[in-house]
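**Q** Could you work out the structure for the sequence below:
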Amino acid sequence: MRTRFLSLLAATGMAAASINLVAMTVRDTAGAADGAAPAAPAVREGSFYVGGRDIEVDGGTLTTDQAYVRYWLPGTPSRRDPVVMVHGAGQTGSNFEQTPDGRPGWAAYFVRRGHPVYVVDQPTRGRSAYQQSLYGPLSYFSKQRIEWRFTASEDFDRWPQAKLHTQWPGTGRIGDQSFEQFYRSQVGYLADNGLAERLARDAVIALLERVGPAVVLTHSQSGPFGWLVADKRPALVKAIVGVEPAGPAFHDVNQVGPPTYQEDGAFIRPYGVTINPLSYSPPVRDPEKDLPYAREPRGDGPGLVPCRLQTAPVRSLPRLARTPVLIMTGEASYHAGYDHCTAKYLAQAGARVTYQRLENLGIHGNGHMLMLERNSDQVAAQIARWLDRTAPQR
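**A** Here you go, the predicted structure:
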């Protein structure tokens, strides 16, 4: 009966907020072979804010830089590590709560496995306050950009792997119900990426100080936040799961279509994988002088860009190296051409990196929004298996 009720809600396009995640946890185990998490007792859920600072504006006091956190706790005591989920650009924590076609999201998946789950709205995003006079302008994704980059890349041929995309629920085109549900979740995000890094780093650290050591799961733009948090407070990060983290090192990659498909973008990450400083050894005081790099002469295979790596002598990242890292990439995503470079850069600096391409695990057709696609539970199951091997129960 409950499954029919949820299906009806999805079919009628009712808002995701109307579906309680407690209800989502009542699920049988018939789908376990497809990656579904086992059923678990009903969860406890709630929300709170972390971080923030007071400032004086026009004779009054305002609080700024805070982040909203929604949480779900298993109904029975668990020895599994908490999982903190941080969304990417243009998104909010709703990415992890429910898919656009009405299925339970990754928050439900991991709490069913016994993980306490904390889903963050980045500072200035969603239910975390934005104040234009403090943070500057916002950027936005158009519907057309969402189509070619996230939901219907198979129709646009912007990068070599784009035509392999099959997993978006629905057509992925403007006007499709799942597309419109997803687009209505899009919000403005800070145009200043360096500021966004600093705000999110401090907010996630404040959250970890409150809940204790946890797995930090990032996606896309939030990828560098994981590197920064683990670098600054390694004892608080049990593992990092970077789902298609922003990269590669130093320069962006632009998707331009045939015949070249992928071209160098802007120089944006002076500290390799971040805009803000990391704790290199020996220290990097001036990245332009202290962090020389070179571009490989060719890519590692068809459709893969050449990577930029440090030149000798290579500086290490000893604080980040304490934390196991998983980087995961979908077969058809625009990240498919360069996430290997992020993994290679971190490994060169001493990080313990596992790099997984989903097609090598028998999982095909995924674009960038892995947590929202038709096989989202199957993808989550791969993350769960890696966590079981790498960060075993306490």
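
**Q** and stretch 247-256, which residues are buried?
**A** 247-251, 253, 255 (16 or more other CB atoms under 10 Å). Glycine gets a C-beta too; all of them are placed from N, C-alpha and C.

**Q** Pick the one among these closest to residue 331.
**A** Using CB to CB, residue 255 comes nearest to residue 331 of those, at 15.4 Å.

**Q** and the closest one, what are its bridge partners?
**A** residue 262 (DSSP bridges).

**Q** sorry, back to before: secondary structure, distance to residue 48 and pLDDT added to the buried residues of stretch 247-256, as CSV?
**A** As requested, these are exported to CSV (DSSP: H, G, I helix; E, B strand; the rest coil; distance: CB to CB, whole Å; pLDDT from 0 to 100):
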residue, secondary structure, distance to residue 48, pLDDT
247, coil, 31, 97
248, coil, 35, 98
249, coil, 35, 98
250, coil, 37, 98
251, strand, 38, 97
253, strand, 38, 97
255, strand, 39, 97
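
**Q** Between those, which sits nearest residue 313?
**A** Minimum distance to residue 313 across the buried residues of stretch 247-256 is 16.9 Å, recorded for residue 249 (CB to CB).

**Q** which residue sits closest to the closest one, ignoring its sequence neighbours?
**A** Among residues not flanking residue 249 along the chain, residue 345 sits closest, at 4.1 Å (CB to CB, 6 or more residues apart in numbering).

**Q** pretty sure that neighbour contacts residue 273?
**A** Yes - with contact defined as CB atoms under 8 Å, residue 345 counts as touching residue 273 (6.1 Å).

**Q** what do those two both touch?
**A** 247, 249 (CB atoms under 8 Å, 6 or more residues apart in numbering).

**Q** ok, back up a step: list the contacts of the residue nearest to residue 249.
**A** 247-249, 272-273, 307-310.

**Q** what's near enough to touch the nearest residue to residue 292 once chain neighbours are set aside?
**A** Counting by CB to CB, 6+ apart, residue 292 lies nearest to residue 311, which is 4.8 Å off, once chain neighbours are set aside. By CB under 8 Å, 6+ apart, the contact list for residue 311 reads 292-294.

**Q** which of the residues you listed are buried?
**A** residue 293.

**Q** Which ones among the contacts of residue 311 lie within strands?
**A** In strands, defined here by DSSP state E, the members of these are 293-294.

**Q** from the contacts of residue 311, which single one is nearest residue 221?
**A** Of the contacts of residue 311, the one sitting nearest to residue 221 (CB to CB) turns out to be residue 293, at 22.0 Å.

**Q** wait, isn't residue 375 in contact with residue 361?
**A** No - when contacts are counted by CB under 8 Å, residue 375 is not listed as touching residue 361 (11.4 Å).

**Q** which one of those two has more residues nearby?
**A** Between residue 375 and residue 361, residue 375 has the larger neighbour count (other CB atoms under 10 Å), namely 20 against 15.

**Q** nearest residue to that one other than its sequence neighbours?
**A** residue 167 is the one closest to residue 375 (CB to CB, 6+ apart), at 5.6 Å.

**Q** next one: residue 123
**A** residue 199 (4.0 Å).

**Q** Just the C-alphas of the longest strand seen in the chain, formatted as CSV.
**A** The longest strand of the chain (DSSP E) is strand 237-245. Only the C-alpha atoms of strand 237-245 are listed here, as CSV (Å, rounded to 0.1, in the frame of the first residue of the first chain):
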residue,chain,number,x,y,z
VAL,A,237,37.2,12.6,8.3
LYS,A,238,36.9,8.8,8.1
ALA,A,239,36.8,8.7,4.3
ILE,A,240,36.1,10.9,1.3
VAL,A,241,33.7,9.8,-1.4
GLY,A,242,34.2,12.2,-4.3
VAL,A,243,31.4,11.6,-6.8
GLU,A,244,32.7,13.3,-10.0
PRO,A,245,34.5,16.0,-8.0
